[in-house]
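Need a 3D model of the sequence below.
(one chain, ligands or ions: 1)
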Amino acid sequence: MTSSPLSTLGDETARALAAIEAADELGALDESHATLVGRRSAFVALQRSLGTLAPEERGAAGATLQEARRRVEEAFAARRALLESRERQRRLDADRLDLGDVVVAQVPWRLTLGHPSLVASTQRELEDVFVAMGFKVADGPEVESDWYNFEALNIPPAHPARGMWDTFYVDLGEPETVVLRTHTSPTQIHLMEAAVAGGTLPVHSVMPGRCYRRDTPDARHLAAFHQVEGLVVDRDITFADLAGVIETFTKAYFGEDIDARLRPAYFPFTEPSAEFEITCTICRGAGCRTCSQTGWIELGGCGMLDPAVFDAVGIDPEEWSGFAFGFGIDRCAQMRYQIADMRALIENDVRFLEQFS
Ligand code: DAH
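Numbers count the residues shown, from 1 in each chain. All right, here's what the predicted structure looks like:
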């Protein structure tokens with residue numbers, strides 16, 4: 001009896017299983033798969049040799065061969081799955097960001113914290129200066145009726161002075177027109193009304209907040225900007241009190257080498273009215289492009305309260321007098337930090353913002 005062509009099958013199978021078990025990498029595993037069960041492998045040679053068997057023996061021999069091959073393929077698939085998952089884990093381990101290392105070694109703790117915007121911190125500093133001078137801080141609505149934003153401030157409908165404020169209208173309807181406040185001055189009206197109603201005159205208050213104008217933003221204007229309003233209503237208040245407050249504020253906030261000056265101007269709600277200017281902080285008064293060679297920069301307006309405004313809120317101008325002022329917070333920040341273009345304040349470029357942390 002000739003030896004069965006499958007006499008080596010046990011050895012071949014054991015060799016194949018050992019080779020699969022020994023493969024440590026996917027590449028090596030796939031290579032050994034080709035040599036073990038590929039076209040030129042011993043398995044395929046055995047398959048071919050089945051033809052030399054007597055027909056009645058072929059069935060059983062074929063089944064034996066199939067079974068051996070199935071075991072090899074199964075071992076191969078299991079090994080492949082194992083190596084694949086090891087490979088995945090290896091890649092994950094290599095990719096992992098070790099936060100412990102990074103936080104301790106590279107990133108200063110400061111980076112994880114935010115800070116108030118330059119406008120917010122400027123507003124706080126301005127409030128501090130005025131609080132130190134005896135003012136209270138008050139707040140008012142950003143959406144106002146036409147009456148508060150204009151009429152009570154002695155700016156009747158269709159009056160040419162309305163052209164001083166390019167206005168965003170929220171609602172033009174009857175009975176009340178509603179606007180986004182174009183200045184913080186309407187908060188004066190709320191404060192005086194409350195003081196009259198509560199019998200709490202005199203008033204010494206500043207009112208910071210956001211205002212809106214239909215302006216095209218440029219280097220010195222934003223469509224949404226901030227002002228701080230000041231209001232003093234008391235007995236025997238004179239223009240000298242106003243000038244003193246402006247002067248004291250300017251030195252306290254901008255420094256001793258910066259001066260303030262008042263120039264005659266027109267505002268419907270004050271009489272007399274003035275524009276309030278400070279030494280240009282960029283050229284220190286020498287004259288430059290920012291101040292149009294004048295050496296001065298306008299911060300805002302001020303004046304003695306007009307009797308028509310007292311009238312609108314029911315304060316007796318024979319008994320009380322007062323002054324008001326209003327100026328830009330963003331403009332203060334711009335002057336204090338010599339920011340060439342005010343739009344930098346709203347562009348959210350962290351390289352700019354981080355300078356003020
Ligand atoms: N509200 C004015 C403006 O935005 C500025 C102003 C001028 C405020 C005179 C005042 C004032 O309180 O008395 O243009």
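
Okay, now the unreliable bits of the chain?
The chain contains residues with pLDDT under 70 at 1-3, 97-112.

Let me see the domain layout of it.
Domain assignment for the chain, taken from automatic domain parsing, gives 9-92, 118-356.

quick one, which of those is nearest to the ligand?
When the domains of the chain are ranked by distance to the ligand, counting by CB to the nearest ligand atom, first place goes to domain 118-356 at 2.5 Å. Where C-beta positions appear, they are placed from N, C-alpha and C, glycine not excepted.

Span of that closest one from start to end?
Counting by CA to CA, to the nearest Å, the length from the leading to the trailing residue of domain 118-356 is 6 Å.

That domain and the ligand in contact?
Yes - in this structure, domain 118-356 sits against the ligand according to CB under 6 Å from any ligand atom; the contacting residues are 183, 185, 229, 267, 270, 273, 300-303, 324-326.

for the protein, what spans make up the strands?
Counting by DSSP state E, the chain forms strands over residues 136-137, 143-145, 169-171, 178-180, 203-212, 224-234, 260-267, 270-279, 296-305, 321-328, given from the N-terminal end onward.

Show me which of the ones you listed has the highest average neighbour count.
Mean neighbour count, computed with mean count of other CB atoms under 10 Å, is highest for strand 321-328 among those, reaching a mean of 24.

and it, C-alpha only, in CSV?
What follows is the C-alpha trace of strand 321-328 in CSV, where atoms were taken according to Å, rounded to 0.1, in the frame of the first residue of the first chain:
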residue,chain,number,x,y,z
SER,A,321,-29.6,123.8,39.2
GLY,A,322,-27.2,121.2,37.8
PHE,A,323,-24.8,120.1,35.1
ALA,A,324,-24.4,117.0,32.9
PHE,A,325,-21.7,115.5,30.8
GLY,A,326,-21.4,112.5,28.6
PHE,A,327,-18.4,110.9,26.9
GLY,A,328,-17.2,107.8,25.1
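
strand partners of that strand, parallel vs antiparallel please.
Taking DSSP bridges as the criterion, strand 321-328 pairs within the sheet with strand 224-234 (antiparallel), strand 296-305 (antiparallel).

Identify all contacting residues around that strand.
When contacts are defined by CB atoms under 8 Å, 6 or more residues apart in numbering, strand 321-328 is touched by residues 183-185, 188, 203, 225-239, 241-242, 245-246, 269-270, 276, 299-305.

Off-centre distance for stretch 347-357?
Relative to the chain's own centre, stretch 347-357 is displaced by 10 Å; criterion: CA atoms, centre = their mean, to the nearest Å.

And it, end to end?
Counting by CA to CA, the length from the leading to the trailing residue of stretch 347-357 is 16 Å.

buried set for it?
Of the residues in stretch 347-357, those buried under the neighbour-count criterion (16 or more other CB atoms under 10 Å) are 353, 356.

Over to stretch 81-95?
Residues of stretch 81-95 classed as buried under the neighbour-count rule (16+ other CB under 10 Å) are Leu83.

partners of Cys302 in the sheet?
Going by DSSP bridges, Cys302 is paired in beta bridges with Ala274, Phe325.

correct me, but it touches Pro272?
No - checked against CB atoms under 8 Å, the pair Cys302 and Pro272 is beyond contact range at 9.8 Å.

Is it possible to get a markdown table of the strands of the chain that adds distance to Thr35?
Compiled in a markdown table, the strands of the chain are given as follows (distance: least, CB to CB, whole Å):
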| stretch | distance to Thr35 |
| --- | --- |
| strand 136-137 | 86 |
| strand 143-145 | 82 |
| strand 169-171 | 81 |
| strand 178-180 | 80 |
| strand 203-212 | 77 |
| strand 224-234 | 75 |
| strand 260-267 | 93 |
| strand 270-279 | 89 |
| strand 296-305 | 86 |
| strand 321-328 | 82 |
